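Colleague: I would like to see how this sequence folds:
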Amino acid sequence: MNRVELEIVNLSNSVSQAQNYAVVLKERHGHRRLPIVIGSCEAHSIAIAIERMLPSRPLTHDLFKSTLETFHIELREVVINNLLDGIFYARLVCVHQGEVFEIDSRTSDALALAVRFECPIYTYEFILDAAGIVFPEMEEEEDDEPAMQSPQRSSTSAAPSGRINLNALENYSDEDLERYLKEMIDREDYETAARLRDELRRRKTS
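Modeller: Next up, the predicted model:
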């Protein structure tokens, strides 16, 4: 399977799950984003490592890093290796005395350790195909024609105005969802964008 290298580009509050956060990863040599919902403790740990802050007492991930280093174990890379029922799975690829071994890990913990060890983060194409969001760095205009109003909608269509109701996506037309999707990407709200993308994909396959 083809691997893709990722890097953490954003960490923000989760829109759909209170008390949780969304960490956004970007492919290093491309334009796709991979949003992953994580807990507040793990988000706090990742943020501290990114900002290179030194807590008065070591956090759990700091303790684990110190333990690995004490026994001369190197964290070579983190691999987000599976996606099942909306849950991401990861593995820590470690090296000890020339022997490579892998350890199962929650993705949030793996990312917190990757930041501390400054090791690469990888995933597979099938995961990006399923959960990634395409976000061109410099989006070209699709054509040179001026923007036009959308064609007539049925009376049941909910025109974009204000905040979208994620619990009633069936009430929105395809055109509305496409418009909201672009707006969420522009705002870098990748979690909401992923929800809209999934709804549009569901409609195309049903």
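Colleague: distance check, the residue nearest the centre of the chain against Ile185.
Modeller: Residue closest to the average C-alpha location in the chain (CA atoms, centre = their mean): Pro35, at 1.6 Å. Going from Pro35 to Ile185 by CB to CB, to the nearest Å gives 11 Å. For glycine as for every other residue, the C-beta is placed from the backbone atoms N, C-alpha and C.
Colleague: what's the overlap in contacts for these two?
Modeller: Ile133, Ala193 (CB atoms under 8 Å, 6 or more residues apart in numbering).
Colleague: quick one: the helices in this structure, in order.
Modeller: Assigned by DSSP state H, the helices in the chain fall at 40-50, 60-70, 107-117, 125-131, 174-186, 190-205.
Colleague: so which of these gets nearest Ile87?
Modeller: Closest approach to Ile87 among those (CB to CB): helix 107-117, 8.5 Å.
Colleague: check which helices and strands that closest one sits against.
Modeller: Here helix 107-117 touches strand 32-39, helix 40-50, helix 60-70, strand 73-84, strand 87-96, strand 121-124, going by 3 or more CB pairs under 8 Å, 6 or more residues apart in numbering; DSSP states H and E.
Colleague: what distance separates the opening and closing residues of stretch 21-36?
Modeller: 8 Å (CA to CA, to the nearest Å).
Colleague: cool, stretch 36-54 as well?
Modeller: Stretch 36-54 stretches 25 Å from its first residue to its last (CA to CA).
Colleague: care to break this structure down by domain?
Modeller: Using automatic domain parsing, the domain parsing of the chain gives 3-133, 158-206.
Colleague: could you tell me the least trusted of those?
Modeller: Of all the domains of the chain, mean pLDDT reaches its minimum on domain 158-206 (a mean of 76).
Colleague: how far off centre is that domain?
Modeller: 17 Å (CA atoms, centre = their mean, to the nearest Å).
Colleague: do stretch 104-114 as well
Modeller: With CA atoms, centre = their mean as the basis, stretch 104-114 stands 13 Å off its chain's centre.
Colleague: convert that stretch to PDB, retaining C-alpha atoms only.
Modeller: Taking Å, rounded to 0.1, in the frame of the first residue of the first chain, the C-alpha atoms of stretch 104-114 are listed here in PDB:
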ATOM      1  CA  ASP A 104      -0.600  -0.400  18.800                       C
ATOM      2  CA  SER A 105      -1.600   3.100  19.900                       C
ATOM      3  CA  ARG A 106      -4.500   5.400  19.900                       C
ATOM      4  CA  THR A 107      -4.000   7.900  17.100                       C
ATOM      5  CA  SER A 108      -4.100  10.900  19.500                       C
ATOM      6  CA  ASP A 109      -1.400   9.400  21.700                       C
ATOM      7  CA  ALA A 110       0.700   8.500  18.700                       C
ATOM      8  CA  LEU A 111       0.500  12.100  17.400                       C
ATOM      9  CA  ALA A 112       1.400  13.500  20.900                       C
ATOM     10  CA  LEU A 113       4.500  11.300  20.800                       C
ATOM     11  CA  ALA A 114       5.400  12.100  17.200                       C
END
